[in-house]
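In: sequence plus the predicted model coming up.
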Amino acid sequence: MINLNFVYPEIFLSISLMVMLLIGVFKKESSNIVYILSIFSLIILLVLNFNLFDKREIYLFNEGFKIDFLSTFMKVLIISSGIFVMLSSSIYLKATKIFKIEYPILLLSSILGMMIMISSNDLIVFYMGLELQSLALYVLASFNRDNQLSSESGLKYFVLSALSSGLLLYGCSLIYGFSGTTNFNQISLNINEVQYGLTLGIVFILVGLSFKISAVPFHMWAPDVYAGSPTSVTMFFAILPKVAALTVFIKFLYIPFINLIDQWQIILIFLSISSMIFGAVAAIGQENLKRLMAYSSISHMGFALAGLSVGTNEGIQSSIVYVSIYLVMNLAFFSCLFMLKRNNSYFENIDDLSGLSKNHPLLSLSMMITLFSLAGIPPLAGFFAKFYIFLAVVKEEMYFLAIIGLLSTVIAAFYYLRIIKIIYFDPEKEKFDSDHNIGLKFTLIISTILILIYFVFPSSLTNVISNINIL
Amino acid sequence: MEFPIISSLILLPFVGSLFIFFVKSNKSNNSIKYVSLFITLANFILSIYLWIIFDKSSSNFQFVENREWLMGLINYKVGIDGISILFVILTTLVTPLCVLSVNSTIKYKLKEFLIAILLMETLMIGVFCSMDLVVFYLFFEGGLIPMFLIIGIWGGERRVYSAFKFFLYTLLGSVLMLVAILTIYWIAGTTDIEKLYEMGISSEYQKILWLAFFSSFAVKTPMWPVHTWLPDAHVEAPTAGSVLLAAILLKMAGYGFIRFSVGLFPVASEYFVPLVYTLSIIAIIYTSLVALMQEDMKKLIAYSSVAHMGFVTLGIFTMTEQGIEGSIFQMISHGLVSAALFLSVGVIYERNHSRIIKDYGGLVSVMPNYAVVLMIFTLGAVGLPGTTGFVGEFLILMGTFKKSFLAAFLASIGVILSAAYMLWLYRRVIFGKLEKSNLITMGDLNKSEMLILWILAIPILVFGFYPEPLFNTITQSVTNFLDMYNSNIEIYLANKE
């Protein structure tokens, strides 16, 4: 008997999606209501998810769906950052005239896809979630359809993503062929020895997943899509799909294929090192803040992968800590971007920030805190994120990875400092508008404060995450 | 529970900066200036009180506070012993002077400047008090943020270049130290210094860990050849920034050498003594020669700082009581003297807007009071008997003679060179004919400048004649520290055989 109790969050989200779609169709001028309703449904979803925190290892649908602490925690991360993304971006959407009913609905269906992805315990279920997520994201990327760049980025993302999905699917079929099943638990039972077909399957799936988190060398799409999409979608891109894909990374590598760690560890180390270095070096020359954030997120994902490549529980936990902190920093940074508005047009070049500190001291302060934190300077949260990663990496005596990673933070520090320099040291420009709504201010304040005071209670996050024991 | 005196020392400036942050700044900015002055003075008094109740006959860490902090394994642990207490007092003495000096030197964004200075004080005191490597690293690196802003926002023309250079150099040095700290955490199971002192770190790891720590401290000290950030940072920073940089930030590294490099890795320290000797002596002689050729006063003092810090590293790695005590004394002395010299340069820069030596000459006839105090500081930097500079250099050279005649001989050349460049600077600026017309109108020191400079001049003279109170404080800890060091070396040699 399938106990549907445990999939109430997913069911609730699907139903509310359909209801909102109906409202959108039958009621004119309903985009505001739908937007507010979707925020509320996300909040209810969050509460529903909190109820699952005490559940350990529940299998549903022929073991195709698994609810455990990891999945619940990651869902909470995703849903809460979804709420903050929506809270902070409504003004932006209105100003750029893309405040339509489809927007929140697509956002929610993408979140639904991610939730399925996170809970999946079967290659087919996983693929289904992934595609639901991606399809919604293709549309979102090109949502500003009057804008050439936005359409281009949507198309680009669609073509490349479809290619990577194809590779991923091919990997799935290889794995099915060599292990005789698509279920994660079964796969781990069925494989006894190293088979090249299986390794090939793992590689294909890793390629597909690396594409989703934009790890080098599968990062090509990221800068264009980040820069072309509406900023609110970029914010979404930078946070949610990464969290979801990283969870799948964890589940996929550590549940069925933990015995083949020798096969995939080196791939992960390569992905991690190349992302860290490439992300840091390529960001230096960028002039567009969204493009820069694309490279920055590439390098951050490199760090998260470094934690995963270790192959221990500490490594997994450290990468989860990393994405949790990464997510807060990105929320803060993008909320700052939403504040760079003058006469209903938004500014996204680094030069536009020139002398920001003179006219907007508080905004500059929080931007500076966020940037220093992204650079990983103590005592801000970003430092602890890196600290945990390297703690795990050094424990397994992977000094090479640790030193490369830390040197890349020095390179990365350069371009974050450059933004701070422009904000604080350069001559001022015209004032920006300051009529921000409460949701945006709230997001910025909460995330900045979290970054700032994390060092007072560093154990609060790690204590929760230490419950995640995959191995 | 006892009153957490160390934590209040660390947190008081931080609370002050929060307070200033929320105060609305008005035109005259007087209120925030008084608040920060009050807070830094209170901190100074608190640290003096700490010195008085500090048990000088004990070599243990005192006033220790230990709180669970990170993952239950890394604790927030602070305390002081004879080695660190003087640095804390130096910090709390110099910061109020920086606050006093902002009157004339900081023209805009005063509120932010005071916040940065107070944050710096918190971080600097934290560095000297932390008894855990991770906590130490946090304070050590955290100082980069306010200092970057101080140089970058309130600095001179090439401030951006200097701020970046300062930040990236120091960060690059420190990340390797972070790897080393993490490694220590896994091989020893703790980062608590007291426990690490007891257990010792196995000698196979020591050399590589020592190098990692060295990379950080050498940049911060700064030692030749990674000293090039210092002249840039000093020249471009505003006066108060230069003062903090010279008086305290450089001392973090010297302190780190004693506490961590020598304390944790005795075997490696013994092994690397020739390296440190060589680098120190190159620093002493080479940078002294470079200082001779400088045309910019601040740059000259910056290079002289590198030379003086060369003496400090030399003294520490003699591993003798005289050497280490001399180094600590030299650091305190250099803290006072270099702070005073930078403030003095600031005084004439405010009047004439030039730091080029050639633009001055004959100041003695218009600024007699200034000439007197500058003389004291110059002689302090030269190391004339009767000033603190002499005591430090003398002890260091004495310690060095015990170990290596050649090193001591070469270092003595540095003493002569330092007399040459400092006295020559003094001659060119103060003596000679007053020829430049714009100098004639320059007024002598005003009251607040007098106050600031004499506050620094008095300890330089007093402790130069009577260094006993300082030595009383440090001797016990240093003796004990060296006993521990020597026994470690003996155990290592015995095992080797």
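Out: Yep, it's here. Numbering: from 1, shown residues only, chains lettered A, B, ... in the order given.

In: show me what whichever strand or helix holds residue A:34 is packed against.
Out: Assigned by DSSP states H and E, residue A:34 belongs to helix A:31-50. Applying 3 or more C-beta pairs under 8 Å, 6 or more residues apart in numbering or on different chains; DSSP states H and E, one finds that helix A:31-50 makes contact with helix A:8-26, helix A:69-95, helix A:102-119. For glycine as for every other residue, the C-beta is placed from the backbone atoms N, C-alpha and C.

In: contacting residues around whichever helix or strand comes after that helix?
Out: Next helix or strand after helix A:31-50 toward the C-terminus (DSSP H and E): strand A:58-60. For strand A:58-60, the surrounding residues in contact (C-beta atoms under 8 Å, 6 or more residues apart in numbering or on different chains) are A:2-3, A:6-7, A:65-68, A:121.

In: kindly report the same for stretch B:296-303.
Out: B:230-231, B:234-235, B:242, B:246, B:287-288, B:290-291, B:294, B:338, B:341-342, B:345, B:355-357, B:421, B:425, B:429.

In: from memory residue B:276 sits against residue B:317, does it?
Out: Yes. Counting by C-beta atoms under 8 Å, residue B:276 does reach residue B:317; the two are 4.4 Å apart.

In: and the contacts of strand A:58-60, which of them are buried?
Out: A:6-7, A:65-68, A:121 (16 or more other C-beta atoms under 10 Å in any protein chain shown).

In: with pLDDT and distance to chain B as added columns, please give the residues you listed in JSON lines.
Out: Formatted as JSON lines, the buried ones among the contacts of strand A:58-60 follow (pLDDT from 0 to 100; distance: C-beta to the nearest C-beta, whole Å):
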{"residue": "A:6", "pLDDT": "81", "distance to chain B": "31"}
{"residue": "A:7", "pLDDT": "84", "distance to chain B": "34"}
{"residue": "A:65", "pLDDT": "87", "distance to chain B": "33"}
{"residue": "A:66", "pLDDT": "87", "distance to chain B": "28"}
{"residue": "A:67", "pLDDT": "87", "distance to chain B": "27"}
{"residue": "A:68", "pLDDT": "87", "distance to chain B": "22"}
{"residue": "A:121", "pLDDT": "89", "distance to chain B": "30"}
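
In: and for residue B:71, nearest residue in space, chain neighbours not counted?
Out: Spatially, and ignoring its direct neighbours in sequence, residue B:71 is nearest to residue A:462 (5.6 Å; C-beta to C-beta, 6 or more residues apart in numbering or on different chains).

In: can you tell me the element the one you found falls in?
Out: helix A:458-465.

In: what packs against that helix?
Out: Packing contacts for helix A:458-465, counted by 3+ C-beta pairs under 8 Å, 6+ apart, involve helix A:313-338, strand B:62-70.

In: turn the buried ones among the contacts of strand A:58-60 into CSV, columns for secondary structure and distance to residue A:84.
Out: Output for the buried ones among the contacts of strand A:58-60, formatted as CSV (DSSP: H, G, I helix; E, B strand; the rest coil; distance: C-beta to C-beta, whole Å):
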residue, secondary structure, distance to residue A:84
A:6, helix, 26
A:7, helix, 25
A:65, strand, 27
A:66, strand, 27
A:67, strand, 24
A:68, coil, 25
A:121, coil, 29
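
In: so residue A:202 makes contact with residue A:175?
Out: Yes. Residue A:202 is within contact range of residue A:175, at 7.4 Å (criterion: C-beta under 8 Å).

In: ok, now which ones touch residue 326?
Out: The chain I'm using is chain A. A:239, A:242, A:297, A:300, A:304, A:385.

In: oops, I was thinking of chain B
Out: By C-beta under 8 Å, 6+ apart, the neighbours of residue B:326 are B:315, B:391-399.

In: which one of those residues sits closest to chain A?
Out: Nearest to chain A among the contacts of residue B:326, counting by C-beta to the nearest C-beta, is residue B:315 at 29.9 Å.

In: which helix or strand contains that closest one?
Out: Using DSSP H and E, residue B:315 falls in helix B:297-316.

In: so how far is that helix from its chain's centroid?
Out: 11 Å (C-alpha atoms, centre = their mean, to the nearest Å).

In: please apply the same query to stretch A:22-32.
Out: Taking mean C-alpha positions (C-alpha atoms, centre = their mean), stretch A:22-32 and its chain are 30 Å apart.

In: and for stretch B:244-258?
Out: Taking mean C-alpha positions (C-alpha atoms, centre = their mean), stretch B:244-258 and its chain are 4 Å apart.

In: circling back to that earlier point, most neighbours, which of the contacts of residue B:326?
Out: residue B:315 (33 neighbours; other C-beta atoms under 10 Å in any protein chain shown).

In: the nearest residue to residue A:336 once chain neighbours are set aside: what secondary structure?
Out: Using C-beta to C-beta, 6+ apart and skipping residues adjacent in sequence, the residue nearest residue A:336 is residue A:367, 4.6 Å away. At residue A:367 the chain is in helix, as set by DSSP: H, G, I helix; E, B strand; the rest coil.

In: if I look at residue A:367, how far off is chain B?
Out: 13 Å (C-beta to the nearest C-beta, to the nearest Å).

In: kindly report the same for residue A:259.
Out: Counting by C-beta to the nearest C-beta, the gap from residue A:259 to chain B is 25 Å.

In: run a quick neighbour tally on that residue.
Out: 12.

In: wait, it touches residue A:190, no?
Out: No. Using C-beta under 8 Å, residue A:259 is not in contact with residue A:190, being 11.1 Å away.

In: of all the contacts of strand A:58-60, which two lie farthest apart?
Out: Across the contacts of strand A:58-60, no pair lies farther apart than A:2 and A:68, at 17.1 Å, counting by C-beta to C-beta.

In: ok, residue B:367 touching residue B:440?
Out: No. Checked against C-beta under 8 Å, the pair residue B:367 and residue B:440 is beyond contact range at 11.0 Å.

In: which one's more surrounded, those two?
Out: Neighbour comparison, residue B:367 and residue B:440: the larger count goes to residue B:367, with 21 against 11 (by other C-beta under 10 Å).

In: residue 184 - how many residues pack around it?
Out: If you meant another chain, say so; for now it's chain A. Neighbour tally, residue A:184, other C-beta under 10 Å: 22.

In: I was thinking of chain B, sorry if that wasn't clear
Out: For residue B:184, using other C-beta under 10 Å, the count is 24.

In: can you list phi and psi of it for me?
Out: With angles defined as degrees, to the nearest 10, residue B:184 sits at phi -60, psi -40.

In: shouldn't it be in contact with residue B:195?
Out: No. Here residue B:184 does not reach residue B:195: they are 10.9 Å apart, not a contact under C-beta under 8 Å.

In: what about the chain, any weak spots by pLDDT?
Out: Assuming you mean chain A. Applying pLDDT under 70 to chain A picks out residues A:1-2.

In: you looked at the wrong chain, it should be chain B
Out: B:1, B:25-29, B:72.

In: name the residue of it that lies nearest to chain A.
Out: residue B:175 (3.7 Å).

In: which helix runs longest in the chain?
Out: Going with chain A. Longest helix in chain A, counting residues (DSSP state H): helix A:148-179.

In: that's the wrong chain, I wanted chain B
Out: Ranking each helix of chain B by length (DSSP H) puts helix B:321-352 first.

In: tell me the SS of the residue lying closest to residue B:83 once chain neighbours are set aside?
Out: Using C-beta to C-beta, 6+ apart and skipping residues adjacent in sequence, the residue nearest residue B:83 is residue B:477, 5.0 Å away. Put simply, residue B:477 is helix when judged by three-state DSSP.
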